[in-house]
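Participant: Quick one: sequence plus predicted model below, questions after.
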Amino acid sequence: MANDSLRRLIAELKTFLAAQGEDEFISPAAPLRAAGAVSKGEPTGKPLPKMPEGETLTVEFPKAVSPQSAFKNPASQLTEPPLPAPVVAAPEPARVIPSEEPQMNISQKTAALAELAETIKACTRCPLGATRLNAVPGEGNVNADVMFVGEGPGFDEDRQGRPFVGRAGQLLDKMIVAMGLTREQVFIANIAKCHPMTDPLHPEKHGNDRAPNAEEIACCRKYIEKQISIICPKYVIALGGVAAKALIADAKSLGALRGKFYDLHLDSVTLPRPVKILATFHPAALLRNPGWKKDAWTDLQMVMDELGLKGARK
Ligand code: SF4
C-alpha cells in the first residue's frame, strides 16, 4: 500500500504546488506545508492533501551552498570534487647584494697583511715565482691615507725583499717628503710581487728589469687588491702606466689618465669605503726624464690639496 499511496500523495502535492505557482522551486519550508502547516498570512488556496495515516513523507532537499563557496565556483555542486588548492608560486629568494666588507682596526689590518705577505712569499702562481730571489709584498703604514703602487720589484728590491729601495725608491722618498709625509706614514707596494727579468737565467745582472706582462699581472693582481682592501687608504697613487692601467682598468696612455681622480674598483674584493686613484709618473721614468718632475709634482699636489697637507695649493 505504501508505494501507491505515496505516489498518489506526491502527485497531489505537485498539483497543489502548481496551483500555488511554486512548483518550480521547492523551498525548505515544503515539508511543513506537506504536513498541513500554513504560516500566518500565507494565501490560502486549494486545501492540502491529507497524508495517509501511518505514512511518513520524506523529501530530500539539496544541502545549502554557502554564498562564499558559490562565489568561488558558481557552477559547483557539493557532490563535485573539491577544487584543487590554488598553486602558490614559491617566493623568489631575496637577491643577495654583496655588502661592503667592514673596516678592520689596526691590529686586524696588521695581522691580515702579515698573513698575506706570508702567502705571497710562498707563491708560485706564475713563472716569476721560480726566478725571484725574494718576493716583495710591500711595506708601510697599515692605516695609511696614501698608498703608492708601482709595477714590480727591480734588482735591488729582489735582493732586499722590500719595495722601492733602489735609485727610483730614493726619488720616491723625496716625493713623499715633498708632499709633507714620511715613508712610515704611507704604504708602498707593487702590482707584481716578484722581479720580472728580461733574462731570468741571470738574476745577478744589472739592467735586467722589465715590466710584468699581462699574464703575470693577472696572476698577481689579487694580492694588491687584497692589500688595498685591507689598508683602505683614501688615495692610491699609481706610479707609471703599467700600474695605472692595471688599477684604473682603462686602456688609455698614462698621459691621458693623469690629471684626474678615478673611483677605484677592484675585481676580487669589495672596498670598505670609496677609494680614489690618481696616476702619475714612475720615479724611474722621472730619473730618465727629469723634465717630467714638474708634471709629477702637479699630480702629487692634487692629493695634497684633498688631504689638506702642508704645501697644498689651497
Ligand atoms: S709575481 Fe705574484 S703571482 Fe707570480 S709568483 Fe710572484 S707573488 Fe705569485
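Facilitator: Perfect, thanks for sending it.
Participant: hey, let's count contacts and neighbours off CA atoms from now on
Facilitator: Fine.
Participant: can you pull the contacts of the residue in the stretch 1-150 of the chain positioned nearest to the ligand?
Facilitator: Nearest to the ligand, among the residues of the stretch 1-150 of the chain, is Gly129, at 3.4 Å (Cα to the nearest ligand atom). Shown in contact with Gly129 (Cα atoms under 8 Å, 6 or more residues apart in numbering): 123, 135, 194.
Participant: And for Gly311?
Facilitator: Gly311 sits next to 179-180, 304 when contact means Cα under 8 Å, 6+ apart.
Participant: Same check on Ala168?
Facilitator: 283-284, 287.
Participant: Out of the residues you listed, list just those in helices.
Facilitator: 283-284, 287 (DSSP state H).
Participant: coming back round to it: in a markdown table, list the contacts of Gly129 along with neighbour count.
Facilitator: As requested, the contacts of Gly129 are arranged in a markdown table below (neighbours: other Cα atoms under 10 Å):
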| residue | neighbour count |
| --- | --- |
| Cys123 | 16 |
| Ala135 | 27 |
| Cys194 | 32 |
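Participant: Tell me the one among the residues you listed nearest to Ala114.
Facilitator: Ala135 (13.4 Å; Cα to Cα).
Participant: is it true that the closest one lies in a helix?
Facilitator: No: in this structure, Ala135 is coil, not part of a helix, as judged by DSSP: H, G, I helix; E, B strand; the rest coil.
Participant: Give me the PyMOL select line for the contacts of Gly311, limited to the buried ones.
Facilitator: Buried residues among those (16 or more other Cα atoms under 10 Å), as a PyMOL selection:
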select buried, resi 179+304
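Participant: Point me to the residue of the stretch 151-300 of the chain nearest the ligand.
Facilitator: Residue nearest to the ligand within the stretch 151-300 of the chain (Cα to the nearest ligand atom): Cys220, separated by 3.8 Å.
Participant: Look up which helix or strand that residue falls in, please.
Facilitator: Assigned by DSSP states H and E, Cys220 belongs to helix 214-231.
Participant: in that helix, what's buried?
Facilitator: Taking 16+ other Cα under 10 Å as the criterion, helix 214-231 shows 216-217, 220-231 as buried.
Participant: same thing with stretch 281-295?
Facilitator: By neighbour count on 16+ other Cα under 10 Å, the buried set for stretch 281-295 is 281-284, 286, 293.
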